[in-house]
Every structure is written in structure tokens, then in C-alpha cells.
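Trainee: Give me a 3D structure for the following:
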Amino acid sequence: MQNQSLQYSINKSNLLQVIEHLTACDNGFVPALSTQVKLDQYSKKMVENATRFEAFSNNILVGLIACYLNDYKNQIGFITNVSVMSSFNGRGIAKQLLAMLMQYAAENHFNTISLEVNKLNLPALSLYKKAGFVLANEKQDVLQMTIQINNNKK
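Mentor: Numbers count the residues shown, from 1 in each chain. Predicted coordinates:
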């Protein structure tokens, strides 16, 4: 699986691909995603309402960031999902997908992106801190983080 090429896209995945991806990534979430949501309903909500930044390998969705970018009034987006299949970890996929999201958000005049992460999810915390997210609030085991977007780039 080392030299498989990756294809990056926005909103190309279908519902079945998202369900299969989240099922494959379920235990990588802290706690497991299926203990928090019904994967089929959550996938449907993402496909219908979120902007999805995707990495595919051989038509398999291996990386996914889903962000709600529909608060145009306040120019705030919310990342609801960041996941990469474990067999593809360590290849910079999440970093690349975050970069795509930041560019897209800036081009669409969003000022802030926020997310929530379990404070025990150390790999995710490391990714977000390296990307420039900062702690905004803490509620029990959940950290709320935000990043300001520089959308002066034209």
C-alpha cells in the first residue's frame, strides 16, 4: 500500500462511501464515533449539509474532513469530522485536507473555523495545534478550538 496515489477532491463522495469510511475509522475516534452518533444518520447529515474535503485511493475514501460552512452571516465554520483510515496514517493526508479547507474558507470569506476534540485524542490535538488552532474553551473532556482565517489573500 506504500505508493498508492491519492486523489483529493471536494464533495465528490457519496453517502455509501462516507458510511464505509466512518465505519472503517470508528475506533480511531476518542471515544469511538459509534458511541456518540448513529453512523448512517451522521453520514447523511454530512453529505447533505457539510462541505467535504476528501482523499481517495483507488476510489476508496481514505481521508475526510467535513465542515459546516453555512453561517455566512457570522462567517464562522465548524469542523464536524476529521478522519483518516489507519492504514493511511502518517502520510500528511489530514494536514493536506486541512489546508484545502483553510483555502476554501478564505476564498468564501469565512473568518473563523472552530472544532471540538476530546482532550485524550493526542494525535488530533497535535494536528490542530500545528495547523494553528488555539484553545477557546474547555468542557469536561472536550476542548473547543478555533483558528482565524486570513482571507486577505486574493
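Trainee: use CA for all of it now, contacts and neighbours both
Mentor: Fine.
Trainee: Quick check: which helices or strands does the longest strand seen in the chain pack against?
Mentor: Counting residues, the longest strand found in the chain (DSSP state E) is strand 60-71. Identification of packing neighbours for strand 60-71 by 3 or more Cα pairs under 8 Å, 6 or more residues apart in numbering; DSSP states H and E yields helix 15-25, strand 51-57, strand 76-84, helix 93-107.
Trainee: any idea which of these is most buried?
Mentor: strand 51-57 (a mean of 22; mean count of other Cα atoms under 10 Å).
Trainee: Any stretches of the chain with poor pLDDT?
Mentor: Within the chain, the segments meeting pLDDT under 70 span 1-4, 151-154.
Trainee: quick one: which of the helices and strands packed on strand 60-71 is nearest residue 118?
Mentor: strand 76-84 (12.4 Å; Cα to Cα).
Trainee: quick check: angle from the closest one to helix 15-25?
Mentor: Counting by axes from the mean of the first three to the mean of the last three Cα atoms, to 10 degrees, strand 76-84 lies at 60 degrees to helix 15-25.
Trainee: Given strand 76-84, what are its sheet partners and their directions?
Mentor: Paired with strand 76-84 in the same sheet, following DSSP bridges, are strand 60-71 (antiparallel), strand 112-118 (parallel).
Trainee: Name the next helix or strand downstream of the shortest one, please.
Mentor: For strand 112-118, the following helix or strand on the C-terminal side (DSSP states H and E) is helix 122-131.
Trainee: chain center to that next one, what's the gap?
Mentor: 12 Å (Cα atoms, centre = their mean, to the nearest Å).
Trainee: repeat for stretch 74-89
Mentor: 1 Å.
Trainee: Equivalent analysis for stretch 6-24, please.
Mentor: On Cα atoms, centre = their mean, the centre of stretch 6-24 falls 12 Å from that of its chain.
Trainee: if we look at it, which residues are touching it?
Mentor: 39-40, 43-44, 47, 51-58, 60-63, 83, 85, 97 (Cα atoms under 8 Å, 6 or more residues apart in numbering).
Trainee: just stretch 134-147 next, same as before
Mentor: By Cα under 8 Å, 6+ apart, stretch 134-147 touches 112-120, 128, 132-133.
Trainee: Check those residues for burial and list the buried ones.
Mentor: 112-119, 128, 133 (16 or more other Cα atoms under 10 Å).
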